[in-house]
Each structure stands twice: as structure tokens, then as C-alpha cells.
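*Asks:* here you go, sequence then predicted model.
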Amino acid sequence: MRYSFGGVELDTDTYELRSGDRLVDVEPQVFDVLAHLLAHRGRVVTKEELLDTIWGDRFVSESALTTRIRQARQAVGDDGQAQRVIKTVHGRGYRFVASVDELAPGRDVVADAPLDPVPATRYVVNDGASIAYQVFGEGPDLVLIEGFTTNVEVQWEHPAIARFLRRLGSFCRVAVLDKRGTGLSERLSRGEVPPLEQRADDVRAVMDAAGMERATVFGSSEGGSLSVLLAAAHPERVERLVLHGTWARHPWLDRPDRPEFAAVERHWGTGRTYAWLADSMARTAAGRRFLGRFERQAATPGTARRLVELMSAIDVTPVLASIRVPTLVLHRSHDRAYGIEHAHDLVAGIPAARLVELPGTDHFLFSGDTEPILAAVEEFMVGSSTGLASPDRFLATVLFADIVGSTAIAADVGDARFTRLLDEFAAISRRCVEQHRGRLIDFAGDGLLATFDGPGRGVRAACDLQTRWPRSAPRSGPACTRPRWSAGATPSPASASTSPAAWPTPRSRGRSGCRVP
């Protein structure tokens with residue numbers, strides 16, 4: 001609803017308070033106090049009702065409510081003496097007393113949406129989590145990985161987004177998904193932060209469910225870093241790579257205390273976060289209402305903050321050189337969120353990349369003039385051929401493990417018992433590698449060599465191997481070395497044969513005689 005009183009306009013759909021043409025910045029609780037008093041302006045609203053409505057089950061003192069009432073009065077040009085808008089009814093509560101006009105709502109975005117049916121939402125379960133996705137269009141396969149929060153159904157309600165998606169589906173078969181934690185997919189538990197490799201698994205699960213053996217991967221914003229990882233670690237699944245408005249190293253990487261994190265959580269659901277990313281879309285009241293609804297349907301405030309914090313810690317610079325598929329980098333020249341220099345870094349790091357610089361300031365993929373984006377993607381997919389030769393390079397995390405002091409153990413226990421120990425070590429090792437989705441490359445004597453598609457799985461497999469090695473094993477246990485995916489020790493491209501990549505990793509004594517760096 002939109003209300004007008006005393007030269008002020010309050011819109012409960014867009015969560016906006018305006019004085020003339022000026023947007024008045026208020027805390028969410030202050031806005032909620034005003035909105036509740038407006039909605040119940042025919043009566044006195046008790047302090048207890050306001051406390052229950054605004055704070056719910058949280059215990060706060062009455063002074064907190066008094067502070068919010070004072071701030072609400074200031075926001076609408078009132079004060080405790082005049083009380084032209086909010087009147088204090090002593091001993092009872094507060095009453096909204098200003099003369100109010102209810103304004104006609106802005107044009108409804110949903111009413112403007114195309115009447116064509118929206119693609120059916122389907123689910124695939126991966127690692128116990130349900131991942132929502134849609135498939136539509138005809139042509140070569142393309143996987144669309146959007147920004148940090150999405151909702152595959154709500155986005156069709158905006159006509160500009162619907163037009164973009166239908167145009168994309170006119171020249172390719174599209175699979176689009178809600179990443180884990182967002183939209184219609186499995187929500188995150190408190191404190192959960194999904195690593196990129198787990199999200200990459202979710203994308204591959206969607207591709208399998210959609211029957212896409214190999215596809216063009218189109219990643220926008222935060223989805224671009226996930227797309228880079230897919231292309232580097234799973235080139236057998238990625239035919240081409242399109243990166244839009246993304247980066248290799250996030251500019252906030254070394255600044256973990258950014259004030260923007262708290263601001264995202266505080267204002268989430270009002271549309272302000274996406275309004276900053278989608279300037280063109282936010283220029284109308286209908287657009288702002290949609291962006292507010294999109295935020296609320298895409299994630300909770302806490303999840304949005306965690307995802308922004310996760311996004312700001314991303315640095316895929318070390319893996320760029322491993323990408324061997326044709327890559328198209330699209331970036332608006334005046335992107336207000338991430339400057340054009342990020343696109344230049346990507347092109348400099350990826351051997352087969354080319355840059356198409358586009359006009360505009362919008363960061364959000366669907367906002368502003370999107371036709372140049374679609375034209376560039378269509379030419380890249382349909383106008384060129386890359387062939388389907390199997391890749392001979394891929395990015396891998398390598399795990400090597402052997403039994404510490406095996407020669408001395410064999411001398412102590414004898415050949416027969418040592419042979420049984422080797423068989424037990426081999427069985428435990430195979431289970432650990434398979435459980436963490438690794439690939440056992442070689443097993444010789446008292447050592448094994450395995451590869452994983454991400455460092456997290458390699459580390460967990462090594463730790464699991466330590467834990468499972470029997471405490472009764474004489475004298476010692478397996479010695480494990482693993483790479484670190486961080487500055488100074490990065491995964492290297494490994495050939496498709498059994499040749500391992502080498503890292504200069506340190507070694508130190510771990511539990512059960514297992515040495516891990």
C-alpha cells in the first residue's frame with residue numbers, strides 16, 4: 001500500500017519513505033513502527049502490541065520502543081511536542097493522527113509479465129540437498145549460473161527478465177538453477193557456508209538431471225567464479241565459458257570487516273541491495289517493488305549476509321591458466337559494482353579468452369540494455385565451432401599417502417602380518433577416496449595416489465584416513481601429504497594420465513602417525 005500524509009509518502013511494497021522527491025533513510029524497525037501505526041490509525045496501539053509486532057519473542061526494554069518512536073517522528077517531520085503525526089496516549093500507547101490519503105498502487109509487474117507458461121520447476125537431490133532448476137528452449141546446451149541470490153520462479157514475474165530468458169531460449173537449451181541456500185533450493189542451516197566445490201557438484205547434478213553431458217556455462221557476477229571452477233576442474237563438462245560482470249579476485253578479499261555486510265542484512269527484503277546492482281530496473285516504483293519481493297523470495301537476511309561474506313573471500317586467480325575452453329568475457333564499461341579492470345584481469349589470465357565491453361552501469365544481468373549481451377552470447381555459441389575433443393588437461397587436488405616406517409614395521413611383524421596390514425590399509429584407503437568422490441590413480445606397495453575435484457574433499461579424505469587407520473597398527477600409521485589451495489601452494493593442471501602434480505608442501509607429524517602438512 002502507498003500512503004501520503006503531511007508531504008510524506010510511505011510505500012509498504014517497496015519499503016520506501018519519501019519526503020517530496022527525497023528518499024528518507026530509516027532503520028527497518030522505524031519503518032515497521034510507522035507502517036503498523038498507519039495500518040491501525042483508527043485506534044490506539046498499545047506499547048505491548050508494538051513490542052510484540054516489531055520485536056516478536058525478543059526481550060527489549062520499553063526505552064527501545066521510545067527511541068524508535070522518536071526516530072519515526074523525526075523521519076516524518078514531527079516531534080514529541082507537536083505530535084502532529086504520532087500522538088502519545090499516556091498510560092496506553094500511541095495513535096497515528098495525521099490525515100492520510102491512500103494512493104493508487106504503481107503498475108503491477110506481474111500483470112505486465114508475458115502470458116506464456118513459465119517452465120516447470122524440478123528438483124535434483126545432491127549430497128542430501130534438494131536443488132531447484134528449470135529447463136527451457138531449444139538448441140545447444142547452456143547452463144545459466146546467476147548471481148549470489150536467485151529465485152527461478154519469481155524472476156519470471158518481471159517482463160524484462162522474462163524477455164531475456166525467452167530470448168536466450170530461442171537459440172539454446174537452457175538449464176537455470178537456484179544455488180544451494182537460495183530461492184527454492186535447500187536452505188542453509190545456521191552458520192553453514194557451502195564451499196565452491198560443493199556448489200560445483202550441485203551444478204553437475206543439475207546437468208545430469210537435464211541430460212546435458214557437456215554445455216556452455218554462462219556465469220554472471222558471483223556465478224562467474226563458480227563457472228571458472230567448473231571449467232578448470234571439469235573441462236569434460238564445459239564446452240565454452242561465458243563470464244558476465246564477474247571477477248577473479250574479489251576487491252574485498254583482504255577486508256573481512258566491511259560495513260556492507262551488516263548493511264545487506266539490515267536492509268535485505270526492502271529491495272535496496274538489488275536496486276544498487278540494478279539501477280535501470282529500480283528507476284520505477286514497480287521495479288523497486290519487484291526487487292524487494294525478489295530479495296525476500298531469494299534468501300533470508302542472515303543467508304544473504306553469509307553469501308556476501310563468502311563471495312568476498314573468493315580468489316580464483318590461480319586456476320585461470322588451467323582453463324582451456326573458449327571463453328567470452330562480457331562487462332559493462334561503467335559497472336557500478338565491479339569495474340572494468342576485473343574483466344581485463346580475467347582476459348589476461350585465461351589463455352583462450354576475449355573481452356566484449358558493453359555500455360551501461362548496471363551490474364545485474366537482467367537490468368538495462370540486455371540485447372548486446374544476448375547478441376554476443378548467440379554469436380559465441382552459434383557462430384563458432386569448438387569441436388568436442390576430450391580435454392587433456394584438468395585441475396585436480398592430488399593426495400598421496402603411505403605408511404610411515406613401513407620397512408621397520410615389516411621387519412618387526414613379519415611378512416605375513418605385514419601383508420595383512422597392507423591389505424587393510426588398501427581397503428580403508430579405497431573407502432575413504434570413494435566416499436569423498438575421489439579417483440584412485442595408483443596403489444603400489446604401502447602408498448596410494450588419488451585425485452579430487454577440490455581441496456576440501458582431498459583434505460577430508462586424508463583426515464578420514466587418519467581416523468580410520470586402526471589404533472592397533474604397530475608403531476605407526478599412514479603418512480599423508482596434501483596440497484593447500486591458497487597463496488603459495490595452488491593446484492596445478494594434471495594430465496589425464498597417472499602423472500601427479502607436484503607441490504612444495506611442508507610436512508608435520510599428525511595423529512595416528514599420519515603426517516599432514
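*Replies:* It's in. Predicted model, so just to flag it, every value in this text is computed and none were measured.
*Asks:* can we go C-alpha only for contacts and neighbour counts from here?
*Replies:* Fine.
*Asks:* Validate this expectation: Trp252 resides in a helix.
*Replies:* No - counting by DSSP: H, G, I helix; E, B strand; the rest coil, Trp252 falls outside a helix, being coil.
*Asks:* number of nearby residues for it?
*Replies:* Using other CA atoms under 10 Å, Trp252 has 14 neighbouring residues.
*Asks:* who's in contact with the residue nearest to it when sequence neighbours are not counted?
*Replies:* Distance criterion CA to CA, 6 or more residues apart in numbering; nearest residue to Trp252, sequence neighbours excluded, is Ser312 at 5.4 Å. Applying CA atoms under 8 Å, 6 or more residues apart in numbering to Ser312 gives the contacts 250-253, 256.
*Asks:* in a markdown table: those, plus distance to Ser322 and pLDDT.
*Replies:* Below are the contacts of Ser312 laid out as a markdown table (distance: CA to CA, whole Å; pLDDT from 0 to 100):
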| residue | distance to Ser322 | pLDDT |
| --- | --- | --- |
| His250 | 19 | 92 |
| Pro251 | 22 | 90 |
| Trp252 | 24 | 88 |
| Leu253 | 22 | 85 |
| Pro256 | 28 | 70 |
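*Asks:* relative to Ser185, which of the residues you listed is nearest.
*Replies:* Of all those, His250 has the smallest distance to Ser185: 25.3 Å, by CA to CA.
*Asks:* residue contacts, that closest one?
*Replies:* 311-315.
*Asks:* from those, which ones fall inside helices?
*Replies:* Met311 (DSSP state H).
*Asks:* on that earlier part again, can you tell me how far the residue nearest to Trp252 is from Leu320?
*Replies:* 18 Å (CA to CA, to the nearest Å).
*Asks:* how about Val135?
*Replies:* Val135 sits 29 Å away from Leu320, going by CA to CA.
*Asks:* show me the shaky parts of the stretch 401-517 of the chain.
*Replies:* Within the stretch 401-517 of the chain, the segments meeting pLDDT under 70 span 404-406, 410, 415, 418, 436-437, 441-446, 453-457, 469-517.
*Asks:* least confident secondary structure element in the protein?
*Replies:* Least confident helix or strand of the chain, by mean pLDDT, DSSP states H and E, is strand 508-509 with a mean of 28.
*Asks:* OK, contacts around Thr88?
*Replies:* Thr88 neighbours (CA under 8 Å, 6+ apart): 94-95.
*Asks:* okay, buried residues for the helix or strand hosting it please.
*Replies:* Using DSSP states H and E, Thr88 sits within strand 86-89. The neighbour-count check on strand 86-89 (16 or more other CA atoms under 10 Å) flags 86-88 as buried.
*Asks:* equivalent analysis for stretch 90-110, please.
*Replies:* Quick answer for stretch 90-110 (16+ other CA under 10 Å): 94-98, 100, 109.
*Asks:* sorry, back to before: which among the contacts of Ser312 gets closest to Val143?
*Replies:* Nearest to Val143 among the contacts of Ser312, counting by CA to CA, is His250 at 23.1 Å.
*Asks:* circling back to that earlier point, starting at the chain centroid, how far to the strand holding Thr88?
*Replies:* In this view, strand 86-89 has its centroid 45 Å away from the chain centroid, taken as CA atoms, centre = their mean, to the nearest Å.
*Asks:* quick check: next helix or strand after that strand?
*Replies:* Toward the C-terminus from strand 86-89 - assigned by DSSP H and E - lies strand 93-96.
*Asks:* can you list the residues that contact that following strand?
*Replies:* By CA under 8 Å, 6+ apart, strand 93-96 touches 37-38, 40-47, 85-89.
*Asks:* which residue lies nearest the spatial centre of the chain?
*Replies:* The residue lying closest to the centre of the chain (CA atoms, centre = their mean) is Phe148, at 3.6 Å.
*Asks:* which residue, other than its chain neighbours, is closest to that one?
*Replies:* In space, Phe148 is closest to Glu222, 5.4 Å off (CA to CA, 6+ apart).
*Asks:* tell me the spacing between Ala285 and Leu365.
*Replies:* Distance, Ala285 to Leu365, by CA to CA: 20 Å.
*Asks:* same check on Gly77?
*Replies:* In terms of CA to CA, Gly77 sits 39 Å off from Leu365.
*Asks:* which one's more surrounded, the two?
*Replies:* Ranked by neighbour count (other CA under 10 Å), Gly77 and Leu365 place Leu365 first, with 21 against 16.
*Asks:* please list all residues in contact with that one.
*Replies:* Contacts for Leu365 were tallied using CA under 8 Å, 6+ apart; they are 146, 220, 244-245.
*Asks:* same deal with Ala298?
*Replies:* With contact taken as CA under 8 Å, 6+ apart, Ala298 is in contact with 149-151, 182-184.
*Asks:* nearest to Glu379 among these?
*Replies:* For these, the minimum distance to Glu379 (CA to CA) is 26.5 Å, reached by Thr150.
*Asks:* could you tell me how many residues sit around the closest one?
*Replies:* 23.
*Asks:* where does it land in three-state SS?
*Replies:* coil.
*Asks:* grab the nearest non-local neighbour of it.
*Replies:* Nearest to Thr150 is Ala298, by CA to CA, 6+ apart, at 4.9 Å.
*Asks:* same check on Ala275?
*Replies:* Using CA to CA, 6+ apart and skipping the chain neighbours, the partner closest in space to Ala275 is Ala282 (5.2 Å).
*Asks:* and what of Gly271?
*Replies:* Gly271 sits nearest to Gly292 (CA to CA, 6+ apart), 3.6 Å away.
*Asks:* that neighbour should be in a helix, yeah?
*Replies:* Yes - counting by three-state DSSP, Gly292 is part of a helix.
*Asks:* circling back to that earlier point, can you redo the buried residues of strand 86-89 as TSV with pLDDT and distance to Phe5?
*Replies:* Shown next, in TSV, are the buried residues of strand 86-89 (pLDDT from 0 to 100; distance: CA to CA, whole Å):
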residue	pLDDT	distance to Phe5
Ile86	95	12
Lys87	94	15
Thr88	94	18
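*Asks:* let me know the closest of the residues you listed to Gly269.
*Replies:* Ile86 (25.8 Å).
*Asks:* please report how far the closest residue to the closest one other than its chain neighbours lies from Gly169.
*Replies:* Nearest in space to Ile86, with sequence neighbours left out and distances taken as CA to CA, 6+ apart, is Phe96 at 4.7 Å. Phe96 sits 51 Å away from Gly169, taking CA to CA as the criterion.
*Asks:* what do you get for Asp141?
*Replies:* For Asp141 relative to Gly169 (CA to CA), the value is 10 Å.
*Asks:* would you map the strands across the stretch 151-300 of the chain?
*Replies:* 173-177, 215-220, 238-244 (DSSP state E, counting those that start in this stretch).
*Asks:* so which residues of the stretch 101-250 of the chain form helices?
*Replies:* Counting by DSSP state H, counting those that start in this stretch, the stretch 101-250 of the chain has helices at residues 109-112, 159-169, 196-209, 222-233.
*Asks:* what's the most buried one of the ones you listed?
*Replies:* helix 222-233 (a mean of 25; mean count of other CA atoms under 10 Å).
*Asks:* surely Leu399 meets Leu449?
*Replies:* Yes - with contact defined as CA atoms under 8 Å, Leu399 counts as touching Leu449 (5.8 Å).
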